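**Student:** here you go, sequence then predicted model.
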Amino acid sequence: MNRRQFLAASSAAAAGALAASSPPASFALAQTNPASTSKLDLTRHRFGVNYTPSHHWWFCWNDWNVDPIRRDLDAIAALGADHLRLMLIWPFFQPNPIWVSPAHLERLDQLLAMMGERHLDALVTVFTGQLSGWFFLPSFNRLSDGFYTNATMRSAQELFVRQLARVMQPHANIIGFDFGNELDTCWKAPIPQGDAWMAKMFELMNQVLPGALHVNGVDHVPWFEPNTFSAHALAAARFPVMHCYPYWTGAMKYGGAMDPPSVKLLAAMATLIRSFAGDRQKPVWAGEFNTCIKELPEKGQAAWLDQAGAAAIEQGVSWFSYWDSHDVDRNFQFNPLEYSLGLLTNDGRVKDQGRVFQQLAAAYRGKPVNFPAASLPSPPTDRTLGGTWHWILDWLGWKPASA
């Protein structure tokens with residue numbers, strides 16, 4: 001099953017005035033800010049989570065109650081996490097192109113402060129956009145309204161980024177911005193438009209929040225086949241991000257839940273990204289990862305995390321942000337795959353995979369990354385989903401039983 005089957009089909013962004021540029025050179029220039037503190041050391045392992053609030057999911061931005069959030073953060077910190085990826089639901093924060101909600105900015109400020117008290121750093125998503133299969137679009141935008149090219153959209157985007165940076169800048173626990181949650185699943189465009197927009201957004205974010213680390217957390221698709229952003233431009237960024245799910249990538253077509261295409265997916269995708277970067281020691285961030293295999297029981301999920309984490313560490317993946325902190329509240333309607341992906345249950349019980357995460361974090365957090373020494377293969381020449389999978393299977397040395 002393809003992830004897009006339960007996401008509404010999005011139209012290509014309309015052509016506009018934004019001129020295409022040569023992405024790799026632009027990205028090298030846009031990403032030259034040095035890390036200002038050791039917390040941004042890409043050569044040492046970090047472990048964190050994508051935060052899913054246990055109380056009212058991310059609808060909590062509109063129904064604010066700090067008490068359950070404090071309990072969530074205490075539980076996450078107790079697992080050994082050192083950072084959280086936070087989802088800002090864009091239309092909640094910016095319901096009008098020239099106005100950002102002061103109440104929501106204040107709630108973000110409170111959340112960042114509570115995280116700082118628990119020594120948890122923050123990666124803040126911006127244009128979300130799309131989350132767990134639902135679209136959250138601002139009233140001034142629709143899927144075909146030129147997200148990457150329209151002047152009104154560019155102005156609204158810049159206002160939002162500047163207002164967020166104003167709130168974030170005083171906090172010492174900021175990693176930086178993530179452009180959004182898998183922008184390519186929500187707003188599509190021809191690759192020249194996507195790459196040009198990405199270069200300009202890196203430039204803006206580095207300007208308003210200098211010394212931080214900004215990333216574009218796309219889903220797996222642009223790494224497997226052409227889609228909105230070029231793989232070479234994404235890989236040229238200071239810290240490329242991969243979202244790794246055996247279910248959504250199609251790994252289950254090539255083996256079982258505990259076979260190499262599944263448990264070594266993070267390691268394989270890191271190699272794929274480095275092949276596009278042309279750098280075998282390119283730092284890579286596993287920004288989202290989980291199985292999304294509904295049939296895999298809790299102990300199986302824990303075993304997968306243990307093996308997948310070990311393989312990724314062996315292959316020199318630098319940072320890990322597990323999807324997600326808590327199971328999703330079943331009071332809300334989501335794809336059934338979303339409900340049981342947490343390290344903790346909705347009422348705060350530590351699951352088997354939570355204990356594995358805790359062990360991995362305790363063993364490797366802060367330790368130097370051992371980047372691979374082996375020579376890199378060339379990137380896939382067949383830039384299709386099937387062609388990229390053949391490249392991965394060759395790298396794994398794995399021949400599926402059905403082949």
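**Tutor:** Arrived safely, thanks for sending. Numbers count the residues shown, from 1 in each chain.
**Student:** export the strand or helix carrying residue 105 as CSV, just CAs?
**Tutor:** Using DSSP states H and E, the element containing residue 105 is helix 102-117. Extracted C-alpha coordinates of helix 102-117, given in CSV (Å, rounded to 0.1, in the frame of the first residue of the first chain):
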residue,chain,number,x,y,z
PRO,A,102,-0.1,35.7,19.6
ALA,A,103,-1.9,33.1,21.7
HIS,A,104,-0.3,30.2,19.8
LEU,A,105,3.1,31.9,19.8
GLU,A,106,2.8,32.2,23.6
ARG,A,107,1.9,28.5,23.8
LEU,A,108,5.0,27.6,21.8
ASP,A,109,7.0,29.8,24.1
GLN,A,110,5.6,27.9,27.1
LEU,A,111,6.3,24.5,25.5
LEU,A,112,9.9,25.5,24.7
ALA,A,113,10.4,26.7,28.3
MET,A,114,9.0,23.4,29.7
MET,A,115,11.3,21.4,27.5
GLY,A,116,14.3,23.5,28.5
GLU,A,117,13.6,22.7,32.2
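**Student:** so which bits of it are buried?
**Tutor:** The neighbour-count check on helix 102-117 (16 or more other Cβ atoms under 10 Å) flags 104, 105, 107, 108, 111, 112, 114, 115 as buried. Just so you know, the C-beta spots here come from the backbone N, C-alpha and C atoms, and that holds for glycine as well.
**Student:** please report how far the fifth one lies from residue 61.
**Tutor:** Read that as residue 111. The gap separating residue 111 from residue 61 is 9 Å, by Cβ to Cβ, to the nearest Å.
**Student:** go on, the fourth one?
**Tutor:** Here residue 108 is placed at a distance of 8 Å from residue 61 (Cβ to Cβ).
**Student:** how about the helices of the stretch 201-350 of the chain, start to end?
**Tutor:** With helices called from DSSP state H, counting those that start in this stretch, the stretch 201-350 of the chain shows them at 221-224, 231-236, 246-249, 260-263, 265-277, 298-314.
**Student:** what's the distance between the fifth one and the middle of its chain?
**Tutor:** The reference is to helix 265-277. Mean C-alpha position of helix 265-277 versus that of the full chain (Cα atoms, centre = their mean, to the nearest Å) differs by 15 Å.
**Student:** over to the first one?
**Tutor:** Between the mean C-alpha location of helix 221-224 and the chain-wide mean there is a distance of 14 Å, by Cα atoms, centre = their mean.
**Student:** what touches both of residue 108 and residue 61?
**Tutor:** Applying Cβ atoms under 8 Å, 6 or more residues apart in numbering, one finds that residue 108 and residue 61 are jointly contacted by 88, 93.
**Student:** distance check, residue 117 against residue 70.
**Tutor:** For residue 117 relative to residue 70 (Cβ to Cβ), the value is 9 Å.
**Student:** ditto for residue 191
**Tutor:** Counting by Cβ to Cβ, the gap from residue 191 to residue 70 is 43 Å.
**Student:** higher neighbour count, those two?
**Tutor:** The neighbour count for residue 191 versus residue 70, taken as other Cβ atoms under 10 Å, is higher for residue 191 (19 against 13).
**Student:** for the more buried one, give its distance to residue 184.
**Tutor:** Taking Cβ to Cβ, one finds residue 191 at 10 Å from residue 184.
**Student:** okay, and the common contacts of the two?
**Tutor:** Here residue 191 and residue 184 share the contacting residues 227, 228, 229, scored by Cβ under 8 Å, 6+ apart.
**Student:** of these, which belong to strands?
**Tutor:** Nothing among the shared contacts of residue 191 and residue 184 maps onto strands, per DSSP state E.
**Student:** now the stretch 151-300 of the chain, which segments are flagged as low pLDDT?
**Tutor:** For the stretch 151-300 of the chain, no stretch is flagged by pLDDT under 70.
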